[in-house]
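Undergrad: Starting from these lines, generate the structure:
(chains A and B)
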Number of protein chains: 2
Amino acid sequence: MTGQGEPPRPPRRPATVRPLPIAVDTMGGDHAPGEIIEGAVDAVRDHGVRVVLVGQAPRIQRELDRHGFAGKIPIVHADEALDMGEGALASWRKPKSSIAIACHLIKQGRASALVSAGSTAGVVATARLRLKGQQGVMRPAIAVALPTTPRPTILLDAGATVDVKPEGLVQFAALGTAYAQILLGVERPSVGLLTIGSEPGKGNKVTKRAHELLSGGSHGIEFAGNVEGHDLLRGAVNVVVTDGFTGNVALKTMEGTIRTAFAEIRTAMTASAPARVGALLQRRRLLELRERLDPDTYGGGVLLGLNGTVVIAHGASHARAIASACELAHRLAAGRIVERIREQVAATRTSRFGRWTHGERDSQDKADRAPRPHERPAEAPKPAEPAPDAPAPAAERNTERAAERTAERTAEHAAPERTEPPAPT
Amino acid sequence: MTGQGEPPRPPRRPATVRPLPIAVDTMGGDHAPGEIIEGAVDAVRDHGVRVVLVGQAPRIQRELDRHGFAGKIPIVHADEALDMGEGALASWRKPKSSIAIACHLIKQGRASALVSAGSTAGVVATARLRLKGQQGVMRPAIAVALPTTPRPTILLDAGATVDVKPEGLVQFAALGTAYAQILLGVERPSVGLLTIGSEPGKGNKVTKRAHELLSGGSHGIEFAGNVEGHDLLRGAVNVVVTDGFTGNVALKTMEGTIRTAFAEIRTAMTASAPARVGALLQRRRLLELRERLDPDTYGGGVLLGLNGTVVIAHGASHARAIASACELAHRLAAGRIVERIREQVAATRTSRFGRWTHGERDSQDKADRAPRPHERPAEAPKPAEPAPDAPAPAAERNTERAAERTAERTAEHAAPERTEPPAPT
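TA: The predicted model follows:
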């Protein structure tokens, strides 16, 4: 890391500096802070990822001592934590929660992304409030990687935005495309629309209209048509787009079905003496399979569409899952996911006057109007104290702050949508 | 069956006559007509169900000869069949399809219910058009039985109505309650609302409002609160209520996940020589489990909310599944499902002015207004020819026709919903 004493470089274009660290919320998750800190240490040691730990400083110190990493990983103190049961309101009540402070590090240009195993509702609400939606994106989405072979399938939205307009689904396609390019290394990922039949006319009002918009082409999206529930684990497309309500139900249905199937199979496999012998002979393979399909392993997601990348690890995450989440956050930051999304969403906007309808203009209007008083916290959160051991280079800070100011000028995310999706014509 | 020569009895209240037969569509399904007819024969022989076979008479005759049932099961000829790929439009184009004629037998009081393994879209569209929605029911729903233990869980809607209002979900709860009473033999079945969190405030606009309405109580519905995707196979409640879009996605996700899990397990279990030995030792138990969880076995559903019961068997149904479907149709008819639904829906209406809002009144307004020209077929379908071998007693015919006239006066089902669901207040 470049030291504090260096002369500030011109803010225009930062040279190839070392990447910013990943802010890790050590206070969220069923096994916080022990497993979280251990996972972060693993990420530093085994994957070369830079991290900054956010949470109760004394406790973090003790854990780092235990791992022999005292003084080697910066710490930012946070007094409060969101409880696992706390939802959206907590993000207002606790402006100094570990997640809020991690968001603040991103805004200040002192971290590139954040990792939390806290409650999804709390993390999403806090991140939306603190990071704000990135310019041009109507609503954020959570992307998850489904355990298909040979490579994962990305499903979004898994629950960030439950009432979505057709134009919102098109934007989710753009978000998913940008994410898949980095995660899967596919240049033009295929995108499917989750609905209830393969023909274009199948679905509810919102998906039927979204199908029309996506079929219009020239959005920079490789639209592969409709997909159904039974296609999710077939790996038929790279990205599956749906609203946060349907996506969440589908994902949890999949998780529950996998758990039930394995539990039933275990019963069937050990129901008789010969079957138990058989089970012993297959033990290793089945454990591998169980792990690959286990929601605790593949679970968790990435919140896309904000001014910063938020990796939400599964609440039950152990150290290994946290290390993977840190590595993923690092890859996304290195792949400039926020910029990629900006470009991808801009591409979907070029055809606005060609095909898009008043639904699109609606959201523009809202972006233009001033935010209402209740849409912002009464008091802006104060900068986190104390600073991480090594501050980020001034050049990076400046660039990030410029981006932050731009973002604050657009208040799209803070504005709740008032109108219903337009009826299909 | 009573002969044609008997004097007509007073139409008020039919005496305890033998139940009407189940109309079986022999032309729908991947294995039609051979497996369909064999299944119907099994239902007659093994379960004592009365059936009437609808389809190409000469072909049915040949099949009945083959099974030694010539002359023992009545046949109603139908010229046309809906193709498996055909959707809703086919119901207009083919007024003499085997499904349309089976519906007509119900309307004429010559059959109590119908069984078809035809395409779900085609069967639903034809049945809605020919049987019409029963009085008081805003929209029909498909109920499916999920393979939970010790007894199945009923999920509805699995795809009949994709855009549903909160009040429609309350009615689905009533439909599901009536169905569960007969299928599960539970007097007050517990009903869960499928959404994305267990707390009342979780979900999209429609489910949040539906939760409020259902929590109001006094609907004759045992509301057990929200359920999530991973609860579907846990058997936490007797009935799970959702819109047709979400229900269809969840059901197909479950089917696809079960298929994938079993395919992966098979691979894992036979990947090495010892594992293959193990697999042999567990063969029988795993086959049993595979069958219980196999969508081809539990698949299929019941279309509820019309003036007649329609059992939609899985397209891939073999004889055994058809026999089960006939038995189910028989049980539902014997349990007077249509009357039960009427009572249950009426109970949900009693609290109309207490809690329900303009959404409910909306649908009333539509029920009151005259149907528009395009909502009805240009020409009413002609009665099916020829008549079944033994005509139904006049008393039954009269009662059913009176019900039919009542139903035709209300055109709720034919009226497409114009307004969006009301925003939650």
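
Undergrad: pretty sure A:Phe172 is in a helix, no?
TA: Yes - according to DSSP: H, G, I helix; E, B strand; the rest coil, A:Phe172 belongs to a helix.

Undergrad: how about the residues of the stretch 51-200 of chain A near chain B?
TA: Neighbours of chain B within the stretch 51-200 of chain A, by Cβ under 8 Å from any Cβ of the partner chain: A:87, A:121, A:159, A:162-163, A:194-197, A:199. C-beta: built from backbone N, CA, C; applies to glycine.

Undergrad: let's see 10 Å
TA: Within the stretch 51-200 of chain A, the positions near chain B by Cβ under 10 Å from any Cβ of the partner chain are A:85, A:87-89, A:120-121, A:147-149, A:158-159, A:161-164, A:194-197, A:199.

Undergrad: Go ahead and build a PyMOL selection from the buried members of those.
TA: Only the buried entries of those go into this PyMOL selection, using 16 or more other Cβ atoms under 10 Å in any protein chain shown:
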select buried, chain A and resi 87+120+121+147+148+158+159+161+162+163+164+194+195+196+197
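
Undergrad: Counting neighbours, what do you get for the nearest residue in space to A:Pro150 that is not next to it in sequence?
TA: Distance criterion Cβ to Cβ, 6 or more residues apart in numbering or on different chains; nearest residue to A:Pro150, sequence neighbours excluded, is A:Gly235 at 7.7 Å. By other Cβ atoms under 10 Å in any protein chain shown, 16 other residues sit near A:Gly235.

Undergrad: thinking A:Gly235 is in contact with A:Thr153, fair?
TA: Yes - A:Gly235 is in contact with A:Thr153 according to Cβ atoms under 10 Å; the separation is 5.4 Å.

Undergrad: anything in contact with each of these two?
TA: A:146-147 (Cβ atoms under 10 Å, 6 or more residues apart in numbering or on different chains).

Undergrad: Doesn't A:Ala102 lie inside a strand?
TA: No - read with three-state DSSP, A:Ala102 is helix and lies in no strand.

Undergrad: pLDDT at it, what is it?
TA: Listed pLDDT for A:Ala102 reads 96.

Undergrad: which residues touch it?
TA: A:22-28, A:52-55, A:76, A:78, A:111, A:113-116, A:118, A:123, A:126-127, A:130-131, A:308, A:310, A:384.

Undergrad: With A:Thr253 instead?
TA: So A:Thr253 contacts A:229, A:232, B:194, B:228-233, B:246, B:249-254, B:256-257 (Cβ under 10 Å, 6+ apart).

Undergrad: burial count for A:Ala81?
TA: 23.

Undergrad: Helices along the stretch 201-350 of chain A, start to end?
TA: A:205-215, A:244-269, A:273-293, A:295-298, A:319-334, A:337-349 (DSSP state H, counting those that start in this stretch).

Undergrad: Going by mean pLDDT, which of the ones you listed comes out lowest?
TA: Across the helices of the stretch 201-350 of chain A, the lowest-scoring stretch is helix A:295-298, with a mean of 59.

Undergrad: Any idea how far apart the tips of stretch A:301-318 sit?
TA: 15 Å (Cα to Cα, to the nearest Å).

Undergrad: anything in that stretch sitting right up against chain B?
TA: No - with Cβ under 10 Å from any Cβ as the measure, stretch A:301-318 is seen stopping short of chain B, the closest distance being 13.2 Å.

Undergrad: Just the buried positions in that stretch, please.
TA: Applying 16+ other Cβ under 10 Å to stretch A:301-318 flags A:301-315, A:317-318 as buried.

Undergrad: residue ranges with poor pLDDT in chain A?
TA: A:1-17, A:84-88, A:90-91, A:218-219, A:271, A:275, A:278-283, A:285, A:294-299, A:350-425 (pLDDT under 70).

Undergrad: Kindly recompute the last result at 80.
TA: A:1-18, A:83-93, A:217-219, A:265-300, A:349-425 (pLDDT under 80).

Undergrad: bridging residues for the spatially most central residue of it?
TA: Closest to where the C-alpha atoms of chain A average out (Cα atoms, centre = their mean) is A:Val302, at 1.6 Å. On the basis of DSSP bridges, A:Val302 is bridged to A:Ala143, A:Val311.

Undergrad: Now for it: which residues touch it?
TA: Counted by Cβ under 10 Å, 6+ apart, A:Val302 has contacts A:113, A:141-145, A:154, A:156, A:158, A:175, A:179, A:183, A:309-312, A:325, A:328-329, A:332, A:337.

Undergrad: A:Val338 too?
TA: Counting by Cβ under 10 Å, 6+ apart, A:Val338 has contacts A:106, A:112-113, A:131, A:134, A:137, A:178, A:304-309, A:332, A:403, A:407.

Undergrad: Okay, domains of chain A per the record?
TA: A:18-137+A:305-335+A:366-396, A:144-298 (automatic domain parsing).

Undergrad: closest to A:Phe69 out of the helices of the stretch 201-350 of chain A?
TA: helix A:319-334 (13.2 Å; Cβ to Cβ).

Undergrad: Grab the nearest non-local neighbour of A:Ala178.
TA: A:Arg340 (4.0 Å).

Undergrad: Next, count neighbours for the one you found.
TA: A:Arg340: 18 neighbours (other Cβ under 10 Å).

Undergrad: Am I right that it is in contact with A:Thr177?
TA: Yes - using Cβ under 10 Å, A:Arg340 is in contact with A:Thr177, at 8.6 Å.

Undergrad: Quick check: end-to-end length of stretch A:291-309?
TA: 26 Å.

Undergrad: no, scratch that, I was asking about stretch A:18-36
TA: End-to-end distance (Cα to Cα), stretch A:18-36: 24 Å.

Undergrad: Which of the three states applies to A:Leu20?
TA: A:Leu20 ends up coil, using three-state DSSP.

Undergrad: what about it, how many neighbours?
TA: 23.

Undergrad: my read: A:His67 touches A:Glu38, true?
TA: Yes - in this structure, A:His67 is within contact of A:Glu38 by Cβ under 10 Å, at 6.7 Å.

Undergrad: Now, the contacts of A:Val338 that are in strands?
TA: In this view, the contacts of A:Val338 that belong to strands under DSSP state E are A:113, A:304, A:309.

Undergrad: So what does the closest residue in space to A:Leu251 that isn't next to it in sequence look like in phi/psi?
TA: Spatially, and ignoring its direct neighbours in sequence, A:Leu251 is nearest to A:Ala158 (5.3 Å; Cβ to Cβ, 6+ apart). When read as degrees, to the nearest 10, the backbone of A:Ala158 gives phi -90, psi 10.
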